[in-house]
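Visitor: Predicted model and sequence follow; I will ask about them next.
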Amino acid sequence: MSVHVTAYAKLNLALRVLGPRTDGYHEILSEVQTIDLSDRLTIDLGGQGVRAESDLVLREENIVARAAAALLRRKGLDQGVHIFVEKGIPIGAGLGGGSSDAAAVLRVFDRLTPPELSFDALCEVGAAIGSDVPLFLHGGRVRMAGRGEHVQRLPGRSAEYFLVLVPPVHCSTGAIYARWDAIASTGCTLRDDEPRRGENDLLAAALDVHRDLAPYHDAVGSLDADYYGMSGSGSSFFAAFSKPAIAERARASLKRQFESANVVVCRPTTTGHQVQEES
């Protein structure tokens with residue numbers, strides 16, 4: 001059996017970092033929205049073992065293979081599977097492509113290898129693979145807490161258009177958090193209130209590590225958007241609009257200004273993935 005599935009990206013509309021945890025992660029609060037920027041996966045049952053590959057040389061191959069292997073271990077099954085990932089979500093941009101791919105594999109592969117796990121059990125498997133995986137198992141607009149594994153559904157806002165600007169800069173999540181740790185250690189006061197849309201506590205660290213991000217941040221900030229910000233640990237920036245025509249004009253303007261950047265207009269989704277075809 002072969003299944004083709006679309007795995008959607010995410011935007012951190014707001015992100016508060018509360019501090020480091022004893023397990024090496026950081027405690028966060030974040031409002032997140034999945035968007036229709038996507039990867040495409042093909043999942044084929046058969047053969048021996050878990051095999052994963054991509055049209056690019058990426059660590060996403062590893063995370064989707066780990067997701068499939070973890071599911072098989074949880075079920076005590078021996079099932080061969082081949083997974084191919086066609087990348088459409090930019091890497092190193094804070095858009096969650098690898099975690100989204102892993103969540104899509106968990107949902108689809110779980111259905112293909114009965115008995116199916118409960119949703120809570122699936123989220124538990126996902127959280128052990130990556131902090132962002134549970135949010136993609138939920139999809140839509142959510143509130144994340146803990147290191148990201150605690151997910152609560154929020155009301156969606158369908159009449160919203162997101163301009164997403166991805167500079168030709170790869171941000172390492174580890175490096176950005178390490179810089180945040182260094183800044184926090186200087187004695188600055190940490191906030192624990194709910195962040196407003198557009199707030200991202202990692203922004204200063206990202207701009208410090210990658211000084212060349214500043215023009216992109218400033219350009220998005222100059223748009224007449226409802227709100228704007230940086231997603232995750234960067235490098236992508238977004239701006240939210242209520243009218244598609246305004247979003248498209250902003251996209252065209254930024255594309256003229258930054259020819260080497262990836263600039264797209266996206267819509268919110270209500271799920272983290274969508275099965276397109278089975279054969």
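Guide: Done, it's in.
Visitor: Pull the distance from the worst-scoring helix or strand of the chain on mean pLDDT to the chain's centre.
Guide: Here the helix or strand of the chain ranked lowest by mean pLDDT, DSSP states H and E is strand 273-278, holding a mean of 87. Relative to its chain's centre, strand 273-278 lies at 19 Å (CA atoms, centre = their mean, to the nearest Å).
Visitor: Pull out the buried positions in it.
Guide: His273, Gln274 (16 or more other CB atoms under 10 Å). Where C-beta positions appear, they are placed from N, C-alpha and C, glycine not excepted.
Visitor: all helices of the stretch 151-279 of the chain, in order?
Guide: Secondary structure of the stretch 151-279 of the chain (DSSP state H, counting those that start in this stretch): helices located at 173-184, 203-209, 214-221, 244-257.
Visitor: Would you reformat those as JSON lines and include mean neighbour count?
Guide: What follows is those, written out as JSON lines (neighbours: other CB atoms under 10 Å):
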{"stretch": "helix 173-184", "mean neighbour count": "16"}
{"stretch": "helix 203-209", "mean neighbour count": "19"}
{"stretch": "helix 214-221", "mean neighbour count": "16"}
{"stretch": "helix 244-257", "mean neighbour count": "16"}
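Visitor: Distance to Leu137 and mean pLDDT for these - can I get that in CSV?
Guide: Formatted as CSV, those follow (distance: least, CB to CB, whole Å; pLDDT from 0 to 100):
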stretch, distance to Leu137, mean pLDDT
helix 173-184, 20, 94
helix 203-209, 27, 97
helix 214-221, 29, 98
helix 244-257, 28, 97
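Visitor: which stretch among those helices comes nearest Gln33?
Guide: helix 244-257 (14.7 Å; CB to CB).
Visitor: CA atoms of that closest one as PDB?
Guide: Extracted in PDB, the C-alpha atoms of helix 244-257 (Å, rounded to 0.1, in the frame of the first residue of the first chain):
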ATOM      1  CA  PRO A 244      -5.600  38.700   0.700                       C
ATOM      2  CA  ALA A 245      -5.000  41.600  -1.700                       C
ATOM      3  CA  ILE A 246      -3.000  43.500   0.900                       C
ATOM      4  CA  ALA A 247      -1.000  40.400   1.700                       C
ATOM      5  CA  GLU A 248      -0.200  39.800  -1.900                       C
ATOM      6  CA  ARG A 249       0.900  43.400  -2.500                       C
ATOM      7  CA  ALA A 250       3.200  43.000   0.500                       C
ATOM      8  CA  ARG A 251       4.600  39.800  -0.900                       C
ATOM      9  CA  ALA A 252       5.400  41.300  -4.300                       C
ATOM     10  CA  SER A 253       7.100  44.300  -2.600                       C
ATOM     11  CA  LEU A 254       9.300  42.100  -0.300                       C
ATOM     12  CA  LYS A 255      10.200  39.800  -3.300                       C
ATOM     13  CA  ARG A 256      11.500  42.800  -5.200                       C
ATOM     14  CA  GLN A 257      13.500  43.900  -2.100                       C
END
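Visitor: Can you give the distance of that helix from its chain's centre?
Guide: Mean-position distance between helix 244-257 and its chain equals 23 Å (CA atoms, centre = their mean).
Visitor: got it, and stretch 8-21?
Guide: For stretch 8-21, the separation from the chain centroid amounts to 10 Å (computed by CA atoms, centre = their mean).
Visitor: do stretch 241-249 as well
Guide: Counting by CA atoms, centre = their mean, stretch 241-249 is centred 23 Å from the centre of its parent chain.
Visitor: Not counting it itself, show me its contacts.
Guide: Ala159, Glu160, Tyr161, Phe162, Leu163, Asp224, Ala225, Asp226, Ala239, Ala250, Val265 (CB atoms under 8 Å, 6 or more residues apart in numbering).
Visitor: What's the local residue count around the third one?
Guide: Put plainly, it is Tyr161. 23 (other CB atoms under 10 Å).
Visitor: From what I see, it and Cys266 are in contact.
Guide: Yes: contact status for Tyr161 versus Cys266: in contact at 7.4 Å, counting by CB atoms under 8 Å.
Visitor: What angle do strand 273-278 and the strand or helix carrying Gly98 make with each other?
Guide: Assigned by DSSP states H and E, Gly98 belongs to helix 97-112. With axes from the mean of the first three to the mean of the last three CA atoms, to 10 degrees applied, the angle from helix 97-112 to strand 273-278 works out at 50 degrees.
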